[in-house]
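Trainee: what follows is a predicted structure for the sequence shown.
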Amino acid sequence: MSTKRPKWVKSVFSEDLSSSTDSENPPKKTRSSSSLSNESTSFNFKTPSANDSAISNKESNKIESLVQSANWIECFEPKTIDDLAVHAKKIQEVQDWMQHCDIMKKKKFPAQICLITGPAGSGKTATIKVLAKIMRYQVVEWINPIDSDNITTLGDQVDSYAQSQVELFKSFLFRSSRYKSVLDSCEKRLILVEDFPNCFIKDSTGFNDVLEDYLKYGKSALVFVVTDSKSKKLNISYNLFSDAVKAQFHINHISFNPVSTTLMKKALKRICTLMGGESFRKLYRVPSVDLVDSIGMAAQGDMRNALINLHFGSLKGAPNLKTDTLKTSSQSKTKSKTQKKLSSVGRDETITLMHALGRVFNPKYIDGTKQLLHSPEDIASAFSTEPKSFTNFVHTNYLGHFADIENVLAASDALSISDNVLSEYREDTLGLVGLNIAIRGVMVSNEKPVTGWMPVRGPKRIEIEKSAELNSLGLDQIISAQLLASDYRSYVRIILNKK
């Protein structure tokens, strides 16, 4: 018996495995290539030529890089002003502010600060980057760093500490605004802050000091991009940029609106044209017109949401996105095109804020019955993530839609109960319950709704300040401004009159 064992383990450290194995063990010619192709269990490998392999490698590497790239969305980002899905008036406002910054810098005025707010996917950051490229601005963006310990060794002593986020943020603003790299060709710079340090979200006391120091020592234009949030605690524009702060530091505020339907269709058409190009032809399939229209409708003005849905709905090998036909009113005399929407597994994304408020203020019933045409549960589920915000809109605008004072009394009782339920912070499920009570209470109570067009007003922001009355009595440290406005103001005035 031979003691030589078969060499079935190959070393991963060998330089050329294919050449060594072929020279040692040449393949046995048992079947021809034609017979191999007819067998389902065998494989026929064709040796490609040099040109074919070069072309296939380039295409495969390009497609593979697109698929594996985490920043695939940058392939479809707008390059020019015409590519932006933003209203021309808002683009002009940002452009005028940048030109104003150039004039102020030449006159050696303090650095200009701008606040851009708007819903998610409305094109705030894209507008800044496109205009900065056109006007030859270098954009320097702040990104929250990961907390790490700084270790310093002095002799035998080792000192470890974590640097403050406020100090890092200050250092970034001052260094990036005053000093630039030798390799940078752009003379003008724009500081972009979109990711705020967490310490300012928890406590905004130190943010005013940062702005005050930047007005003294900053040299470049500073832009804060804030996405609207329905939660009052996470609403950065509400907590950090109050009206007093904007007036004190001369902050120019530009508010963006959700992307309109016309601009959404134009942007999606541009993206579909890019998907049909040579670079993406093997990665995407051409989406249908109904799919593009349903994606634009479901996005509700969020361009990023529409792009993500279009990306996954057009990938080759991915399942098709399901669409449903929208139910139209049978009373409409004109024949319109049948519209479709994306099949939603959660909330109905086609219900906008204005549509929902219209259904609440002008409830409709099924003919011959007392059953509501639009279910209050469906409206509440569509805004379950923002119950307090929707209830504030209802509370601000419901009074003008009532014709009878008795109906107003019943609706106000329902809103009062809803407010008490929503104030319970220990149970998350009560938010949907309180929203349902408010919506159902207003809809059921309005027996004679007032018809006609009425503008929708947003909830007012009430800022309560301590008055000089508390200082004169020495009660400024005992009674807060909220308690003074709600309970103690009348008593303080009586005490002052007697005194």
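Mentor: Cool, the structure landed.
Trainee: state the distance from Gly301 to Thr352.
Mentor: 8 Å (Cβ to Cβ, to the nearest Å). Yep, even glycine has a C-beta here, placed from its N, CA and C like the rest.
Trainee: so for the two, which sits in the more crowded spot?
Mentor: Neighbours per residue, other Cβ atoms under 10 Å: of Gly301 and Thr352, the larger number sits with Gly301, 22 against 13.
Trainee: in a helix, the more buried one, correct?
Mentor: No. Counting by DSSP: H, G, I helix; E, B strand; the rest coil, Gly301 is not found in a helix; it is coil.
Trainee: how close does it get to Arg426?
Mentor: For Gly301, the distance to Arg426 (Cβ to Cβ) stands at 34 Å.
Trainee: repeat that for Thr273.
Mentor: Counting by Cβ to Cβ - Thr273 and Arg426 are separated by 52 Å.
Trainee: who's more crowded, those two?
Mentor: Per other Cβ under 10 Å, whichever of Thr273 and Arg426 has more neighbours is Thr273, with 9 against 5.
Trainee: just the pLDDT for Pro363.
Mentor: Note for Pro363: predicted pLDDT of 90.
Trainee: residues contacting it?
Mentor: Contact analysis of Pro363 by Cβ atoms under 8 Å, 6 or more residues apart in numbering lists Leu372, Leu373, His374, Met443, Val444, Asn446, Pro449.
Trainee: same thing but 6 Å
Mentor: Leu372, Met443 (Cβ atoms under 6 Å, 6 or more residues apart in numbering).
Trainee: helix, strand, or coil at the nearest residue to Lys79 once chain neighbours are set aside?
Mentor: Once flanking residues are discounted, Lys79 sits nearest to Val130: 7.1 Å by Cβ to Cβ, 6 or more residues apart in numbering. Three-state call for Val130 (three-state DSSP): helix.
Trainee: same check on Lys180?
Mentor: Classified using three-state DSSP, Lys180 is coil.
Trainee: neighbours of the residue lying closest to it once chain neighbours are set aside, just the number please.
Mentor: In this structure, Lys180 finds its nearest non-sequential neighbour in Arg189, 6.4 Å apart by Cβ to Cβ, 6+ apart. Each residue near Arg189 was counted by other Cβ under 10 Å, and the total is 20.
Trainee: domain map for this structure?
Mentor: Following automatic domain parsing, one gets these domains for the chain: 87-255, 259-325, 348-462, 468-498.
Trainee: with distance to Glu77 as extra columns, can I get those in TSV?
Mentor: Formatted as TSV, the domains of the chain follow (distance: least, Cβ to Cβ, whole Å):
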stretch	distance to Glu77
domain 87-255	6
domain 259-325	9
domain 348-462	24
domain 468-498	45
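Trainee: then the helix or strand containing Phe224 to CSV, C-alphas only?
Mentor: Assigned by DSSP states H and E, Phe224 falls within strand 221-227. What follows is strand 221-227, C-alpha atoms only, in CSV (Å, rounded to 0.1, in the frame of the first residue of the first chain):
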residue,chain,number,x,y,z
ALA,A,221,-21.2,82.5,6.8
LEU,A,222,-22.9,80.0,9.1
VAL,A,223,-26.0,78.0,8.1
PHE,A,224,-28.1,75.9,10.4
VAL,A,225,-30.4,73.3,8.7
VAL,A,226,-33.2,72.1,11.0
THR,A,227,-35.8,69.5,10.1
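Trainee: report the buried residues of it.
Mentor: Ala221, Leu222, Val223, Phe224, Val225, Val226, Thr227 (16 or more other Cβ atoms under 10 Å).
Trainee: and the next element down the chain from that strand?
Mentor: Assigned by DSSP H and E, the successor of strand 221-227 is helix 236-239.
Trainee: got the contact list for the helix or strand following that next one?
Mentor: Note on helix 236-239: by DSSP H and E, the next helix or strand toward the C-terminus is helix 243-248. Outside helix 243-248, the residues that touch it by Cβ under 6 Å, 6+ apart are His253.
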